[in-house]
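Undergrad: With the input below, show me the fold.
(one chain, ligands or ions: 2)
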Amino acid sequence: MPEPAPDDLEELRPYDAVVLLSFGGPESREEVMPFLRRVTAGRGIPDERLESVAEHYYLMGGRSPINDQNRALLKALHAELRRRGSALPVLWGNRNSEPFLTDVLRDAYDRGARRVLAITTSAYSSYSSCRQYREDIAEAVSTLAGEGRTIVVDKIRQYATHPGFARANTRLATEAIRQIGQPDDARLRVAFVTHSIPVGMDDTSGPGDGEGNLYWHQHDELGHVILDEAGITLDRNLSGALVFCSRSGPPSQPWLEPDVNDYLRQVASEGVTDVVIAPIGFVSDHMEVRYDLDVEAAETAAELGLRVVRVPTVGVDGEFVSGLVDLTEERAAEARDETVSHPAWPGEAMPSICRPGCCPNLRVAKAAACGSD
Ligand SMILES: CC1=C(CCC(=O)O)c2cc3nc(cc4[nH]c(cc5[nH]c(cc1n2)c(C)c5CCC(=O)O)c(CCC(=O)O)c4C)C(CCC(=O)O)=C3C
Ligand SMILES: [Fe+2]
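TA: Ligands and ions are numbered 1, 2, ... in the order given. So this is what the prediction gives:
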């Protein structure tokens, strides 16, 4: 393929590179414990919880699927950018495992990048899924500044309410509901699953000028539109609920409920026979999906005699990837002070420059990039 002409590159100015920013994961047994200690440092996660999570990773040979999934997403983003005529480099950096964000940005700087656009693998609004990544960026940028490398990093807006993400989830869930085939609406439920977070973190999630609970609300809203849309497509009267997985933290601390396993027990006792499990909270089939849903929840369902179908996460779905590239173009146009539209469905577009105090860190005060504070 010929290199794009310089004119074709205009649409992503002023950015010199895109960086996919993710959680990270271990790739061998030896990396599991150091990874878990890094993730939980100073967070009061009980030792028993760490040991059982380590077992989940050992069950998969010590290799989390998340990094390979990010390599695939990186490739898909690269291909979509090239298809649109952009030659922008697409990089990948993590919070908790190699390649670490700071090292990736240092390397980018040394190759000439001065302004970089981050895409995180996290769609929703909360401290864990938004601000913590902004803190990672601020920390990397400040480390590099200390080395005399001045680099600016912006971020695309949280995309739970972007049509690319929402429509891809809707289509995937609709196909799974079609596939499960239970014709009696009363015997079927759709369980929309996401990562549980502490109730206090959900209470404070959002721009800070609203009611809070935006993490919960964004998932709830997407679940409702999926039920409506799939109901129209399949001509059915569907019902379901927002449920949670992967709770950690001390038992004394309240986290969002119901747990997916408790939900399965409850609906089984009400005569439900079929459950479609739609992990709308995650962008790829990483450990929370492969273990907490495909092993643990699947076992619970088997004990209860429930039939379950698990919907794939968006992964490298074309509509999702294309939506992420739309968001990079949108953010670049904003950075050039152009008037841009902010497609949103369902609900409202999140700002790409977060407001002061949104989704706060309730443990320690830390600098966060990509905000107006
Ligand atoms: C909202 C959210 C997302 C979604 C947004 C996003 O994607 O960022 C997410 C993703 C992920 N979480 C992951 C792994 C872990 N999360 C933990 C702990 C925690 N997660 C939390 C929240 C979230 N986590 C919270 C509030 C904690 C408590 C400690 C703390 O306040 O930080 C722990 C510690 C052990 C445990 O207690 O489970 C591990 C190992 C992996 C990698 C999976 C893989 O390897 O495939 C991924 C993608
Ligand atoms: Fe997590």
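
Undergrad: wouldn't Cys245 be in contact with His195 here?
TA: Yes - if you go by Cβ atoms under 8 Å, Cys245 and His195 touch, sitting 6.6 Å apart. In short, each C-beta sits where N, CA and C put it, glycine included.

Undergrad: can you list residues touching both of these two?
TA: Glu288 (Cβ atoms under 8 Å, 6 or more residues apart in numbering).

Undergrad: neighbouring contacts of the longest helix anywhere in the chain?
TA: The longest helix of the chain (DSSP state H) is helix 214-234. With Cβ under 8 Å, 6+ apart as the test, helix 214-234 has contacts from 124-126, 129, 160-161, 166, 169-170, 173-174, 177-178, 190, 192, 194, 197, 201-202, 205-207, 236-242, 256, 278, 280-281, 345-347, 359.

Undergrad: Skip ahead from it and say which helix or strand is next.
TA: As assigned by DSSP states H and E, the chain's next helix or strand after helix 214-234 is strand 240-245.

Undergrad: show me where this protein has strands.
TA: For the chain, applying DSSP state E gives strands covering 17-22, 90-94, 115-120, 152-155, 188-195, 240-245, 274-278, 307-310.

Undergrad: Compare those and report which one is nearest to ligand 1.
TA: strand 188-195 (3.9 Å; Cβ to the nearest ligand atom).

Undergrad: low-confidence ranges in the stretch 201-350 of the chain?
TA: Of all residues in the stretch 201-350 of the chain, none has pLDDT under 70.

Undergrad: what residues does it put near ligand 1?
TA: 246, 248-249, 286-288 (Cβ under 6 Å from any ligand atom).

Undergrad: hmm, try it at 5 Å
TA: Applying Cβ under 5 Å from any ligand atom, we find that the stretch 201-350 of the chain lies next to ligand 1 at 248, 286-287.

Undergrad: Of these, keep whichever come out buried.
TA: 248, 286-287 (16 or more other Cβ atoms under 10 Å).

Undergrad: Closest to Ala72 out of the residues you listed?
TA: His286 (12.1 Å; Cβ to Cβ).

Undergrad: Please report how far the residue nearest to Ile353 when sequence neighbours are not counted lies from ligand 1.
TA: Among residues not flanking Ile353 along the chain, Ser372 sits closest, at 5.4 Å (Cβ to Cβ, 6 or more residues apart in numbering). According to Cβ to the nearest ligand atom, to the nearest Å, Ser372 stands 22 Å off from ligand 1.

Undergrad: Sweet, I'm off.
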